[in-house]
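Undergrad: Fold the following and give me the result.
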Amino acid sequence: MLTAAGRILLRDGMRAVTFDRVATEAGASKTTLYRWWPSPGALAAEAYFARSLRVLELPDTGDVRADLISQLGAFVRWLKDEGAERPMSELVGAAQMDPELARAWSETYAQPRRELARERLRVAQRQGQLREDADLDIIVDQLWGACYHRLLVLKVPFDESIATRLVDHALYGSAPRGADHPEPATARQRPGSSPARPAETAS
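TA: Okay, the predicted model is just below:
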């Protein structure tokens with residue numbers, strides 16, 4: 001049922017995800033759908049999460065900069081090249097008026113994705129690639145929040161080339177380095193990994 005709902009969502013948009021249509025395409029009973037999901041919107045949100053799970057995995061190669069660029073690039077490709085831009089925009093918009101959909105979106109997608117990113121950043125902290133006092137939630141907001149802002153608020157075009165710039169600004173900041181902003185010590189690296197300086201906040 002989730003596979004059928006995800007297929008319909010990406011192909012035809014959120015409004016096409018109805019219990020009637022999903023039941024028909026999945027060869028399932030509408031009664032089963034009503035038993036598991038409070039609304040078609042909640043079903044669409046969970047289907048989106050299930051469909052994106054494999055695409056949006058966050059790697060751990062030991063190089064936090066490379067891993068963030070890889071994942072953020074995959075996220076932008078998922079939106080722009082793989083058909084998720086329209087349904088994701090529709091889901092977020094509808095969630096503002098539908099409490100059940102908002103809860104489903106938060107619980108099955110947004111919060112799990114956020115925690116996945118936080119855990120990868122915690123690993124980077126333990127490895128010395130980020131400052132111990134780095135605000136991980138702010139880093140997450142800077143990276144993925146910038147994509148949502150451009151897509152949903154500004155409605156301006158962007159592509160996966162934004163990933164490197166976002167990651168470098170989040171990790172390295174934009175303040176000039178000098179007496180008040182000394183160059184941080186180079187983090188310990190695994191052989192073959194590129195250097196990742198600790199995240200800094202601009203003052």
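Undergrad: What is the three-state secondary structure of residue 48?
TA: Here residue 48 is recorded as helix under DSSP: H, G, I helix; E, B strand; the rest coil.
Undergrad: where exactly do the helices run in this structure?
TA: For the chain, applying DSSP state H gives helices covering 2-12, 19-26, 30-36, 40-53, 64-80, 85-95, 99-105, 111-126, 136-140, 146-148, 162-172.
Undergrad: So which of these is the most surrounded?
TA: The highest average neighbour count among the helices of the chain, using mean count of other CB atoms under 10 Å, belongs to helix 40-53 at a mean of 23. Glycine gets a C-beta too; all of them are placed from N, C-alpha and C.
Undergrad: Please list the residues outside it that contact it.
TA: Residues from elsewhere that reach helix 40-53 (CB atoms under 8 Å, 6 or more residues apart in numbering): 1-3, 5-6, 9-10, 14, 17-19, 22, 33, 36-37, 78, 84, 87-88, 91, 94-95, 98, 100-101, 103-105, 108-109, 112.
Undergrad: again, only using 6 Å
TA: Outside of helix 40-53, the residues within contact range by CB atoms under 6 Å, 6 or more residues apart in numbering are 2, 5-6, 9, 14, 17-19, 37, 91, 94, 98, 100-101, 104-105, 108-109.
Undergrad: As TSV, the helices of the chain with mean pLDDT and distance to residue 156 would be great.
TA: What follows is the helices of the chain, written out as TSV (pLDDT from 0 to 100; distance: least, CB to CB, whole Å):
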stretch	mean pLDDT	distance to residue 156
helix 2-12	95	23
helix 19-26	96	33
helix 30-36	93	37
helix 40-53	93	23
helix 64-80	96	12
helix 85-95	95	13
helix 99-105	92	23
helix 111-126	96	23
helix 136-140	97	21
helix 146-148	97	11
helix 162-172	96	11
